[in-house]
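Chemist: dropping a prediction and its sequence here:
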Amino acid sequence: MTDDTPIIVWIRRDLRLTDHAALSNAAATGRPVIPVFLHDEVIEGLAAAPKWRFGLGVAAFAEALDGTGSRLILRRGKALECLKALVDETGAGAVWWQRAYDPASQARDTAVKAALKEQGVDAQSHAGHLLFEPWTVETQQGGFYKVYTPFWRAVRDRHVDAPLKAPSKLRAPDTWPDSDRLDDWHMGAAMKRGAAVVADHVTVGETAAQGRLADFSAHRIEGYKAARDIPAIDGTSRLSENLTYGEISPRTCWHAGQRAMQDGKTGAETFLKELVWREFAYHLLHHTPRIATGNWREEWDAFPWNEDERSAEVKAWKQGRTGIEFVDAAMRQLYTTGYMHNRARMIVASYLTKHLMCHWKIGLKWFEECLIDWDPASNAMGWQWAAGSGPDATPYFRVFNPVTQLDKFDKDRAYVDRWIAEGRSNPSRDALAYFDAIPESWPMAPGDSYPDPVVTADEGRKRALAAYENRDF
């Protein structure tokens with residue numbers, strides 16, 4: 001007897017039709033498919049910018065589903081409770097989804113799978129958020145990789161399947177279950193007035209993500225190796241925003257990079273390495289989940305970082321008022337656009353953890369609040385890499401000099417001038433937009449005097465090196 005019961009496809013960080021294993025496999029059965037997005041305990045825990053941006057992605061994905069004859073069902077509540085209710089309402093015999101790898105999602109998914117199977121429901125998880133499942137990449141000794149370069153060598157020649165085609169049609173159930181209204185969730189509430197400013201800088205949905213990749217492959221991947229370090233130019237792919245919500249798959253990006261390599265575009269290998277850096281972050285998050293919440297190198301637990309989030313130094317750092325132009329420009333780019341250039345991320349992280357001697361967790365939390373491309377694995381590894389407490393870290397005693405870094409990567413100060421208004425007779429539109437985005441409680445205005453450094457580059461370096469020399473580990 002043929003099983004004709006519906007399949008619920010639980011949509012998460014995979015807001016796309018192309019290369020969606022759970023959705024494609026469900027469509028291939030010929031059974032009715034009910035796509036569902038849940039505002040569950042994991043979504044509830046998201047900070048301001050990621051939750052707002054997730055909502056935009058959900059809206060775009062719902063519109064894309066309409067083109068397949070389907071629709072996106074929305075429910076709010078605990079994941080297991082919502083899914084059990086939907087199974088009862090629809091008579092679904094299966095719930096399929098694509099895997100997540102952060103600790104909170106894994107705990108949720110493990111509990112959901114066990115409970116649904118006990119109820120007799122076919123609960124399946126599929127790959128799709130990564131190129132390689134973390135447990136499939138092992139050292140010759142059978143352990144996991146702790147250093148990036150050997151990890152890259154281990155996977156660079158691995159076969160990666162071609163992306164799955166998008167299903168052109170999804171069979172609808174005889175009766176659709178009730179759905180919440182996305183607007184009623186108010187996913188952007190915590191953004192307040194900043195949402196209107198950041199909205200000018202988002203690129204939402206699968207179609208836009210595919211266009212972004214095509215444009216990068218055609219025009220910028222050739223010079224990517226050098227251009228990616230210059231914050232004032234459009235030299236990167238900017239696909240981190242779309243990858244984090246699954247609006248494009250890593251396999252799609254990987255094969256685009258491979259084609260560029262075959263075409264002799266010299267920056268393509270560097271692009272592929274950056275995709276694998278993302279893989280490495282998830283590899284570590286899976287094998288050592290403590291990286292998300294504590295020092296990966298546990299001996300750093302004794303290091304005397306300042307943990308006072310309300311200190312004057314932290315406040316100046318968050319507001320882009322440190323008096324260090326590279327740091328301040330980057331922090332304002334973050335607040336105005338929800339994005340920060342990667343070179344700038346290294347500089348602001350180094351300044352906070354080394355010059356200001358503040359705990360990396362403070363920066364990790366602020367980035368989580370502000371980034372539209374926030375990713376639990378990349379954010380954690382990036383902060384610990386910069387602080388020196390993480391795996392594959394730059395030598396912990398290396399302190400980036402934000403002044404000489406600016407001279408090297410922003411010689412004509414185009415980046416600084418774009419994002420800092422104070423002291424300029426004709427501030428840029430973006431520099432002024434920052435003051436429209438920030439909380440009204442921040443006493444800042446474009447006509448203010450630019451501040452003296454909270455800690456100068458030389459003073460901060462000396463303080464950091466002294467602390468490292470006296471470290472108790």
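Modeler: Alright, I've got the coordinates.

Chemist: how about residues contacting the helix-or-strand element of the chain with minimal mean pLDDT?
Modeler: Within the chain, judged by mean pLDDT, DSSP states H and E, the helix or strand with the poorest mean is helix 457-469; its value is a mean of 91. Counting by Cβ atoms under 8 Å, 6 or more residues apart in numbering, helix 457-469 makes contact with 303-304, 324, 351, 354-357, 396-397, 399, 401-404, 455, all of which sit outside it. Placement of C-beta: from N, CA and C, glycine included.

Chemist: among those residues, who's most crowded?
Modeler: residue 351 (31 neighbours; other Cβ atoms under 10 Å).

Chemist: residues contacting the spatially closest residue to that residue that is not a sequence neighbour?
Modeler: Nearest-residue entry for residue 351: residue 327, 4.9 Å, with adjacent residues in sequence omitted and distances by Cβ to Cβ, 6 or more residues apart in numbering. With contact taken as Cβ under 8 Å, 6+ apart, residue 327 is in contact with 317, 320, 347, 348, 351, 402.

Chemist: show me those residues that map onto helices.
Modeler: Secondary structure of the contacts of residue 327 is defined by DSSP state H; positions in helices are 317, 347, 348, 402.

Chemist: let's verify residue 323: helix, strand, or coil?
Modeler: Under the three-state scheme (DSSP: H, G, I helix; E, B strand; the rest coil), residue 323 adopts coil.

Chemist: wait, residue 452 sits on residue 321?
Modeler: No. In terms of Cβ atoms under 8 Å, residue 452 does not count as a neighbour of residue 321; the distance is 10.3 Å.

Chemist: comparing those two, which residue is more hemmed in?
Modeler: More neighbours sit around residue 321 than around the other of residue 452 and residue 321, counting by other Cβ under 10 Å; the figures are 20 against 8.

Chemist: all helices for the stretch 351-473 of the chain, in order.
Modeler: In chain order, the stretch 351-473 of the chain shows helices spanning 360-370, 376-387, 402-409, 414-419, 429-437, 457-469, with DSSP state H, counting those that start in this stretch as the criterion.

Chemist: one step back: could you single out the nearest of the ones in helices among the contacts of residue 327 to residue 15?
Modeler: Ranking the ones in helices among the contacts of residue 327 by separation from residue 15, with Cβ to Cβ as the measure, puts residue 348 on top at 28.9 Å.

Chemist: what's around the closest one, how many residues?
Modeler: 28.

Chemist: was I right about it contacting residue 335?
Modeler: No. Assessed by Cβ under 8 Å, residue 348 is found out of contact with residue 335, at 11.8 Å.

Chemist: correct me, but residue 14 touches residue 127?
Modeler: No. Taking contact to mean Cβ under 8 Å, the distance of 10.6 Å between residue 14 and residue 127 leaves them out of contact.

Chemist: overlap in contacts, those two.
Modeler: In terms of Cβ under 8 Å, 6+ apart, residue 14 and residue 127 are both contacted by the residues residue 98.

Chemist: more neighbours: which of the two?
Modeler: Each of residue 14 and residue 127 had its neighbours counted (other Cβ under 10 Å), and the higher figure belongs to residue 14 (25 against 15).

Chemist: separation between the more buried one and residue 164?
Modeler: Remark: distance between residue 14 and residue 164 (Cβ to Cβ, to the nearest Å) = 12 Å.

Chemist: mind listing the shared neighbours of these two?
Modeler: residue 20.

Chemist: what's stretch 397-410 in contact with?
Modeler: Identification of contacts with stretch 397-410 by Cβ under 8 Å, 6+ apart yields 229-232, 324-327, 343, 346-347, 350-351, 354-355, 388, 413, 415-416, 457, 460-461, 464-465, 468.

Chemist: so how do I select the buried members of those in ChimeraX?
Modeler: What follows is the ChimeraX syntax for the buried subset of the contacts of stretch 397-410, where burial is set by 16 or more other Cβ atoms under 10 Å:
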select :229,230,231,232,324,325,326,327,343,346,347,350,351,354,355,388,415,416,457,460,461,464
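
Chemist: ok so, going back, dump the ones in helices among the contacts of residue 327 into CSV; add pLDDT as well.
Modeler: Compiled in CSV, those are given as follows (pLDDT from 0 to 100):
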residue, pLDDT
317, 98
347, 97
348, 98
402, 96
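
Chemist: show me the contacts for residue 203.
Modeler: Per Cβ under 8 Å, 6+ apart, neighbours of residue 203: 209, 212, 238, 241, 242.

Chemist: now, the most widely separated pair of those?
Modeler: Based on Cβ to Cβ, the longest span within these runs between 209 and 238 and measures 9.7 Å.

Chemist: quick one: which of these two has more around it?
Modeler: Set side by side, residue 209 and residue 238 show more neighbours around residue 209, with 28 against 19, by other Cβ under 10 Å.
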